[in-house]
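Visitor: here is my input; please provide its structure:
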Amino acid sequence: MSRTFAARTHVGQARRVNQDRVEADPDGRYFMVADGMGGHAGGEQASSLATTVAREYLEAHFEEEWDTKTFLQNAMKAVNRRLREDQRAHPERSNMGTTLTVVIRRENQWWYAHVGDSRAYRWRDGHIEQLTPDHTWIADQMRAGTIAEDTNLKQWLGHVLSQHMGQETLERIEIAPISVQEEDRLLLCSDGLTAELSDEEIATYLTRKYTCEEAVNALISAANANSGSDNIAIIVIDNH
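Guide: Numbers count the residues shown, from 1 in each chain. Predicted coordinates:
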């Protein structure tokens, strides 16, 4: 099963600084998206540091004989430790944090590891499915059944994170295998895309009439055409 992919970030139409980061292994073993928070310097540092540490960890340990769930747990914990060390060394960045969504293919199986509200999706036969749960206050309350899914609070609290990299204690690192068939596509993205386009709108750009690069560029253009109110990070991975 061969893979092609494309990865890109864009500052959007409203921000001066791009705090989103993407990372893609040239050999197609791992992909990641991070969306930084905590002021300009903090957000940039957090997302850059998270993707750098994650890449270095994955490269150093990819072939070791750990089961993949443990491998990914260790990678995410290593990233969080490094962010906490940076916070302590630089008090001006003490409130920095970042989302981090990682997808890997190891031992012929796809997996994700995830913290925050960036997302991984699977596109199959014209339909899109969100794979990763959002770690936001609103999403947590909806899963618990304490508020309705169509609540007006989404407008005000939709992106208040309940979990992010850089916390003292990571209570939930979501790790799970992904079922991927030959013609599927995977999408990783920050909320700069999902805040602007519905899942159904996103799916229209993941059809086979677009290459991975064309899909990424079209999605960024569509998000910016809506308002581009945030930075945008996108990776599209193609199995064929």
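
Visitor: which residues in the protein form helices?
Guide: 39-61, 68-89, 137-144, 154-157, 191-194, 199-204, 212-226 (DSSP state H).

Visitor: Ala54: what's it in contact with?
Guide: Glu23, Met32, Ala75, Met76, Ala78, Val79, Leu100, Val102 (CB atoms under 8 Å, 6 or more residues apart in numbering). (Each C-beta comes from the backbone N, C-alpha and C, glycine too.)

Visitor: could you check how far it is from Gly228?
Guide: 27 Å (CB to CB, to the nearest Å).

Visitor: tell me the one of the contacts of Ala54 nearest His164?
Guide: In terms of CB to CB, no member of the contacts of Ala54 lies closer to His164 than Leu100, at 8.4 Å.

Visitor: run a quick neighbour tally on the closest residue in space to Thr136 that isn't next to it in sequence.
Guide: Leaving aside its sequence neighbours, Thr136 sits nearest to Asp117 (CB to CB, 6 or more residues apart in numbering; 5.2 Å). Using other CB atoms under 10 Å, Asp117 is surrounded by 26 other residues.

Visitor: return the residues in contact with Asp117.
Guide: The contact partners of Asp117, by CB under 8 Å, 6+ apart, come to Asp35, Thr99, Asp134, His135, Thr136, Ala139, His159, Leu161, Asp191.

Visitor: narrow the residues you listed to those in strands?
Guide: Residues of those located in strands (DSSP state E): Asp35.
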